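A.B. asks: everything below, folded, please.
(3 chains)
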Amino acid sequence: MYEFLTGPALWAAFIVFFGGLAVRIAYLYGLSMERDRVFYNHMDSKWALKSIGHWIIPLGSASMRQQPIFSIVVFIFHICLLVVPVFLFAHNMLWSESWGVSPWSMPDAVADVMTMLVLASGVFLILRRIARPEVRILTSAWDYTLLILTLLPFITGFLAYHQWGSYETLLILHILSAEVLLVVIPFSKLAHVVLFFFSRAFIGFEMGTRRGARAW
Amino acid sequence: MSEEIKKPVNIRKIKELLDMNDGARVRTWLSICSRCGLCAESCFFYLANNKDPKLSPAYKVKATLLELYRRKGEVDYDFLNRTREIVWGQCTMCKRCSQFCPFGIDVATMISLVRTICESQGVVPEGLARTTENIRVSGNQMAMATEDFVETCSWMAEETSEEIAGLDIPMDVHGAKYMYTVNPREPMYYPQDIAMAAKIFTVAEESWTMPSTGWDCTNLAMFSGNRAVAAIPVKAMYDKAIELGVEKIVITECGHAFRSAAFEGPYFVGRRDGKPPVPVIHSVQVFYEYLRDGRIKIDPSKMLEEPVTYQDPCNVSRNGGLWEEGRKIIPYLAKDFRDMNPNRDHNHCCGGGGGFIPMGPEYKARRMASGRIKAEQIKATGAKIIITPCHNCFDQINDLVKEYKLGVKVVSFKDLITEMMIIPEKFQPVENEEEMEDAAGEGTEG
Amino acid sequence: MAFGQLALALLMVAFFFSPVFPQDDVMELQPEGVKNFERPLVKFSHGKHAQVINCSRCHHDYDKYGNNAIKGEEDVEGRHCAECHEVKPVKGQNRFGLIDAFHMQCRGCHERMRAEDKTAGPLACGECHVRK
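C.D. replies: As a prediction, the model looks like this:
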């Protein structure tokens, strides 16, 4: 099982993840050439970058400043979510064994804290979904599913690392859930990992180029 | 049961519209919205109505456009009627939510698409249906005949020249610098607005003209969702400007007219570059330049002493990019300026935009309720006078002043400038008839 | 009859160089010079391994072509990984760093054995680095 999940299944997951995102972007690009010519009339990299930048910096937009706690939690959530898997020593060990190269690794203690931050902020996001009426009304079961699916590799990874519970089962679940997540990303709202940059760029120059208005 | 209700919904047409607009942007927006709810607090409908979650922009899209795509356009009149109440009764397409969405999702564009779909089935607020029909038949929203318009202008010219010597309202002058376009309510109900513009242009010694056709710069069909009809006034205006060979088209103190003429109009008439054939500028730009360059001089003794605030019309500020021009004019006219909060491109819509005012009495109660945010903003400034360069804002705020007893006077820039400007010697009427014109500030619109 | 030969060889080694198995069953692998271990140290059953594989497989001395200079029967007593593998790999020397060397040695072998369909040791991190 372990060998299958870290072998062919991992290949498949990465291919679907990168391929899926690439195909989706290519498809949307083609569609935009046909149906969204508006898009290209006012294109301006300065406004696009400003629009992205203000939403990547913590509290960089008026909207984030309106809900500072939520914004900071979301920020922590995303940073840890991206950093932990890429710079985790155990993952890099595997990269290094397979390919001879790996990214820089951070100490396990840091990864441990960041994982707890992912989980804590994830729980916060779930509770916020339930607690705030304007969010609850928008939320469907699928939104909870995706959020839990995002947290699952972290929960299982955390438990497996500390060897709380059945190690073998947890590790299998860890790898499996991460692979499912990778496969789901390109086909769900989680595609915002890349589409964020496109939609932000668009509104940036849409409001900025002709009008000088801020989209943040 | 009337005939119309029995007529089945044209599903094919809805499918066609959905498919036509199923582009990269709409797809991306609908699919990546993460339901974070941040847009809710940007929306004055939501804020003014006890934070009803159904008034959050994301929900409005979810309940309308997303549902239309989900059902593949197979909807009934019941659905369309409910949708009408959302896309017209709960949104002014002010675009503020786009600024507050982490993904920059353009809700207004999607609401606009839903309006087009509803309109295609004849499901549209009556007031807008009427004006749309007027445009279709006559080319302007009030179905005013060309002769009546031309006559009104020459009547105004005649009357105003008693005040300012040599004043004229030139008509169809080839090669003029500016072609001045107006809102039909000016020639119809408030002709003194045209007179005021003429005074300013005359004193500034501007080369300008009124067009006998294409003079209606407004575009309520843009808000009713009928893009074909929306193209009519825009095309008439562009064609006339090209025919006359003017340098620029000037828009009266009206917000949505500027949005239509400068930004959306080019697409209505199929200009792929998205730019009008002749540059379009708003009155606030022209007035500011006159004051800055000293072409119009203000009598300092007439400057306003009372606290003054400024209402940023969405379609002049956020969607027009001209928030600074308005603010730069004010120091010439008033001593005590107090800005609203939020302001400039982050300003709240007054609640009268997006076609709300012409939607008529059946929507008035809602208009007043959701205008509470604006009323509170105004009250917080402590201002006694509010300036706004937009007809819709003007009407809405006038209604809000009554509804919320704000004790504020609403004026346009034209009102103030004509009242305060120094009339140079050469424009002083030769025979001094002691005939006082009604104070320019009375009953006129911005 | 590889197993027989191996067993025989091991017996011989055991006979002549009995101190080879002082740690006998289970020893704790502690790479010299490495500070701050991220995971619990590995409890390595030396005896068990010695029964099934050649000493030189681990106590190796590869030349640049990957040929092992140490043959099975030679004296490997006291040869530690850290003698050749630096904690941080030295540029120009075609050797793994110490930690990598350990991982490649254990996990690499386990993987190969599994691929050859032989029952073999664990692959996952926590299966070697067991927490108490």
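
A.B. asks: quick one, grab the pLDDT at the closest residue to B:L66 other than its chain neighbours.
C.D. replies: Leaving out its chain neighbours, the residue that sits closest to B:L66 by CB to CB, 6 or more residues apart in numbering or on different chains is B:L30, at 5.7 Å. All C-beta atoms are positioned from the backbone trio N, CA, C, and that covers glycine. At B:L30, the model reports a pLDDT of 96.

A.B. asks: can you name the residues that contact B:L30?
C.D. replies: Counting by CB atoms under 8 Å, 6 or more residues apart in numbering or on different chains, B:L30 makes contact with B:V61, B:L65, B:L66, B:Y69, B:M110.

A.B. asks: which of the residues you listed ranks first by neighbour count?
C.D. replies: Neighbour counts for the contacts of B:L30, by other CB atoms under 10 Å in any protein chain shown, peak at B:V61, which reaches 27 neighbours.

A.B. asks: in a strand, it, correct?
C.D. replies: No. Using DSSP: H, G, I helix; E, B strand; the rest coil, the secondary structure at B:V61 is helix, not a strand.

A.B. asks: nearest residue to it in space, please, no chain neighbours.
C.D. replies: Sequence neighbours aside, B:M110 is the residue nearest to B:V61 in space, at 5.3 Å (criterion: CB to CB, 6+ apart).

A.B. asks: quick one: that neighbour and B:R25 touch, right?
C.D. replies: No. Taking contacts as CB atoms under 8 Å, B:M110 lies outside contact range of B:R25: 9.0 Å.

A.B. asks: looking at chain A, which helix is longest?
C.D. replies: Longest helix in chain A by number of residues (criterion: DSSP state H): helix A:8-35.

A.B. asks: average pLDDT across the next helix or strand after that one?
C.D. replies: Moving toward the C-terminus from helix A:8-35, the first helix or strand encountered (DSSP states H and E) is helix A:38-41. Helix A:38-41 shows a mean pLDDT of 82.

A.B. asks: B:A195 is in contact with B:M156, correct?
C.D. replies: Yes. Using CB under 8 Å, B:M156 is in contact with B:A195, at 4.5 Å.

A.B. asks: what residues are up against C:L29?
C.D. replies: Counted by CB under 8 Å, 6+ apart, C:L29 has contacts C:L41, C:V42, C:F44, C:F102.

A.B. asks: include secondary structure and distance to chain A when you put the residues you listed into TSV, please.
C.D. replies: What follows is these, written out as TSV (DSSP: H, G, I helix; E, B strand; the rest coil; distance: CB to the nearest CB, whole Å):
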residue	secondary structure	distance to chain A
C:L41	coil	14
C:V42	strand	13
C:F44	strand	18
C:F102	helix	10
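
A.B. asks: next, count neighbours for the closest residue to A:G20 other than its chain neighbours.
C.D. replies: Excluding its sequence neighbours, the residue lying closest to A:G20 (CB to CB, 6+ apart) is A:P186, at 2.9 Å. A count of neighbours around A:P186, defined by other CB under 10 Å, yields 21.

A.B. asks: next one: stretch B:55-72 to chain centre, how far?
C.D. replies: 26 Å (CA atoms, centre = their mean, to the nearest Å).

A.B. asks: buried sites along that stretch?
C.D. replies: Of the residues in stretch B:55-72, B:55-66, B:68-69 count as buried by neighbour count, 16 or more other CB atoms under 10 Å in any protein chain shown.

A.B. asks: that older thread, next, give phi and psi for the residue nearest to B:V61.
C.D. replies: Dihedral pair for B:M110: phi -70, psi -40, per degrees, to the nearest 10.

A.B. asks: mind checking the backbone torsions on B:M421?
C.D. replies: Dihedral angles of B:M421 (phi, psi; degrees, to the nearest 10) stand at phi -80, psi 150.

A.B. asks: just list the residues touching it, thanks.
C.D. replies: B:M421 neighbours (CB under 8 Å, 6+ apart): B:K199, B:I200, B:V203, B:I296, B:K297, B:I298, B:D299.

A.B. asks: how close does the last one get to chain A?
C.D. replies: Going back to what we said before, that points to B:D299. Separation of B:D299 from chain A (CB to the nearest CB, to the nearest Å): 33 Å.
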